[in-house]
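Asks: Take this sequence and fold it.
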Amino acid sequence: MYFPQFLVGMFGTSFVVAIWAGIETGSMWTALVWVVLTLIALQVGYFLLTLGLFYKRSAKGTDVKPEPVNPVQPLRRDGGVSSPGAK
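Replies: Okay, the predicted model is just below:
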């Protein structure tokens, strides 16, 4: 999930909640409170989602075994690609 996409979705949802709460209650202040509560709930949800993704990544990373190191030294060290038969 990308943060810019989350922001667009969050503000779109807040806009819809503001219109809906304004129509239902008839009060701009009540609609504002509903929007603030919606923004807080969305931000907490986003934080918990990212925390869960980081936790999964760290738990998955402990099961991976490192690849063995190749003890053979390279034929050339000048940064060029060496292939068999190259001069």
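
Asks: For Pro71, what are phi and psi?
Replies: The phi and psi values for Pro71, taken as degrees, to the nearest 10, are phi -80, psi -10.

Asks: Show me the helices in this structure, by range?
Replies: Using DSSP state H, the helices of the chain run over 3-25, 28-61.

Asks: Output the below-cut-off pLDDT ranges for this protein.
Replies: Low-confidence segments of the chain, defined by pLDDT under 70: 1, 58-66, 74, 76-87.

Asks: run the last query once more with 90
Replies: 1-11, 13-14, 17-18, 25, 38-39, 42-43, 45-46, 49-50, 52-87 (pLDDT under 90).

Asks: got the CA positions of stretch 12-23 in PDB?
Replies: Below are the C-alpha coordinates for stretch 12-23, written out as PDB (Å, rounded to 0.1, in the frame of the first residue of the first chain):
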ATOM      1  CA  GLY A  12     -12.200  11.000  -0.200                       C
ATOM      2  CA  THR A  13     -13.700   8.900   2.600                       C
ATOM      3  CA  SER A  14     -13.600  12.000   4.900                       C
ATOM      4  CA  PHE A  15     -15.400  14.000   2.300                       C
ATOM      5  CA  VAL A  16     -18.200  11.500   1.900                       C
ATOM      6  CA  VAL A  17     -18.500  11.200   5.700                       C
ATOM      7  CA  ALA A  18     -18.700  15.000   6.000                       C
ATOM      8  CA  ILE A  19     -21.500  15.200   3.500                       C
ATOM      9  CA  TRP A  20     -23.400  12.300   4.900                       C
ATOM     10  CA  ALA A  21     -23.000  13.500   8.500                       C
ATOM     11  CA  GLY A  22     -24.000  17.100   7.500                       C
ATOM     12  CA  ILE A  23     -27.200  15.800   5.800                       C
END
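
Asks: re the thing from before, tabulate the helices of the chain (JSON lines), appending mean neighbour count and distance to Pro68.
Replies: C-beta coordinates here come from the backbone N, C-alpha and C atoms, glycine included. Shown next, in JSON lines, are those (neighbours: other Cβ atoms under 10 Å; distance: least, Cβ to Cβ, whole Å):
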{"stretch": "helix 3-25", "mean neighbour count": "13", "distance to Pro68": "39"}
{"stretch": "helix 28-61", "mean neighbour count": "12", "distance to Pro68": "18"}
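
Asks: That's all I had, so thanks and see you.
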